[in-house]
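Trainee: sequence first, then the predicted structure:
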Amino acid sequence: MRDVVRASVVIGVASGIYAISFGVLSVSAGGSVLQTCLLSLLVFTGASQFSAVSVISAGGSVASAVSGGLLLAARNGVYGLALSPSIRGSLTKRMLAAQFVIDETTAMTSAAPDQRAKDWAFWSCAVMLFTCWNLGTLIGALAGSSIDPETFGLDAAFPVVFVAMVAPHLATRSGRRAAVIGATVTLVLTPFLPIGLPILLSSVGVFVGLVAHEDDDSSGQSSEVAP
Amino acid sequence: MSWWLVAWLSLGAYALKVLGLVVLGGRELPAVVNRCLTLIPAALLAALIMKDTVTVGQELVIDARLVGVSVAAAATTRRLPLTAVLILGVGSTALVRAAARLI
């Protein structure tokens, strides 16, 4: 169990660093410290939070910020499906567990060999992540109101964080195709559509990615994350 | 920032998690739906990278951010830890801006 807990601590600290940048960016996008902290406490899924704040800071509408964020959060539903045999207990306990169903807890729990290890993996990762994520957000939000983001290059923190986040999704050929289509669609449509809409439309990249499905099992899975 | 953003994003994100873990439970989705849902992050994150690197509002703009993101991409390819990626990306953007101001 010690390995599991150690891994949880590492993941927690790393996410805390993301969270500090989220706090800074959310405050400089016009969020109050309270709103910023509530986003991390209640939404608790990093990519969606960053994406929503990024759309708002560019001047996009609430509707496009929310729909983009929720599209990104849809995978947590898939994770929930996969985890449900491993998360045992009362309805109340499972309703609580649901809030912690995200990339990291899913990866840790599915990697654990047996039920006892899965319990440890899920809950230690959940507690560490939730604590660090919210603590980091608070620190960032408090610091963010006193600095000029552009001077420190913090406006680049959005795409830099997204680069780190997208890397694991490029391991398969279908993932890479989806990414290329998504990026191209956004670049082409940005001058013509309201802010935030090109991001939503980029999800057509998913369907193109599907076409590559057949190739994945033979070559895509074994290929490296980056060329 | 609008409170509607906080409310809708919070409710929606939690609903999706509960839908998978508690409501649908151990049921299996059609494989195609599963694949679509798991491919969304690749498409959307790539789109967000473009938006935040080379656009301002509805215009395409090349500036210091492109340097920072390229540095971050190189750092990610070398499998540097997250902190290093973040510091290198943000730091190089700030450096290019400071240099541009001197010139």
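Mentor: Good, I have the coordinates. Bear in mind that the values here come from a model prediction, so they are computed numbers and not experimental data.

Trainee: only C-alpha atoms for contact and neighbour calcs from this point on.
Mentor: OK.

Trainee: geometric centre of the chain: which residue is closest?
Mentor: Let's take chain A. Note on chain A: the residue nearest the mean C-alpha position is residue A:47, at 2.8 Å, using C-alpha atoms, centre = their mean.

Trainee: my question was about chain B
Mentor: Taking C-alpha atoms, centre = their mean, the centroid of chain B lies closest to residue B:45, which sits 4.5 Å from it.

Trainee: if I look at it, how far off is chain A?
Mentor: With distances defined as C-alpha to the nearest C-alpha, to the nearest Å, the gap from residue B:45 to chain A amounts to 6 Å.

Trainee: buried residues, the helix or strand that residue falls within. List them.
Mentor: With the criterion set as DSSP states H and E, the secondary-structure element containing residue B:45 is helix B:31-54. By neighbour count, with 16 or more other C-alpha atoms under 10 Å in any protein chain shown as the criterion, the buried positions of helix B:31-54 are B:35-54.

Trainee: restricting to C-alpha, output it in PDB.
Mentor: These are the backbone C-alpha positions of helix B:31-54, laid out as PDB (Å, rounded to 0.1, in the frame of the first residue of the first chain):
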ATOM      1  CA  ALA B  31     -17.900   0.700 -28.200                       C
ATOM      2  CA  VAL B  32     -18.300   3.500 -30.700                       C
ATOM      3  CA  VAL B  33     -19.800   5.800 -28.100                       C
ATOM      4  CA  ASN B  34     -17.000   4.900 -25.700                       C
ATOM      5  CA  ARG B  35     -14.300   5.700 -28.200                       C
ATOM      6  CA  CYS B  36     -15.900   9.000 -29.200                       C
ATOM      7  CA  LEU B  37     -16.100  10.100 -25.500                       C
ATOM      8  CA  THR B  38     -12.500   9.200 -24.800                       C
ATOM      9  CA  LEU B  39     -11.200  10.900 -28.000                       C
ATOM     10  CA  ILE B  40     -12.800  14.200 -27.100                       C
ATOM     11  CA  PRO B  41      -9.900  15.500 -24.900                       C
ATOM     12  CA  ALA B  42      -7.300  15.000 -27.800                       C
ATOM     13  CA  ALA B  43      -9.400  17.100 -30.200                       C
ATOM     14  CA  LEU B  44     -10.500  19.700 -27.700                       C
ATOM     15  CA  LEU B  45      -7.200  20.200 -25.900                       C
ATOM     16  CA  ALA B  46      -5.400  20.600 -29.300                       C
ATOM     17  CA  ALA B  47      -8.100  23.200 -30.200                       C
ATOM     18  CA  LEU B  48      -7.500  25.100 -27.000                       C
ATOM     19  CA  ILE B  49      -3.800  25.100 -27.500                       C
ATOM     20  CA  MET B  50      -4.300  26.800 -30.900                       C
ATOM     21  CA  LYS B  51      -6.800  29.300 -29.500                       C
ATOM     22  CA  ASP B  52      -4.600  30.300 -26.600                       C
ATOM     23  CA  THR B  53      -1.300  30.300 -28.600                       C
ATOM     24  CA  VAL B  54      -2.000  32.100 -31.900                       C
END
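
Trainee: near chain A at all, whichever helix or strand comes after that helix?
Mentor: Next in sequence after helix B:31-54, counting helices and strands by DSSP H and E, comes strand B:55-56. Yes. Strand B:55-56 comes into contact with chain A when judged by C-alpha under 8 Å from any C-alpha of the partner chain, the residues involved being B:55-56.

Trainee: which neighbours does strand B:55-56 have in its sheet, and in what orientation?
Mentor: Note on strand B:55-56: by DSSP bridges, its sheet partners are strand B:59-60 (antiparallel).
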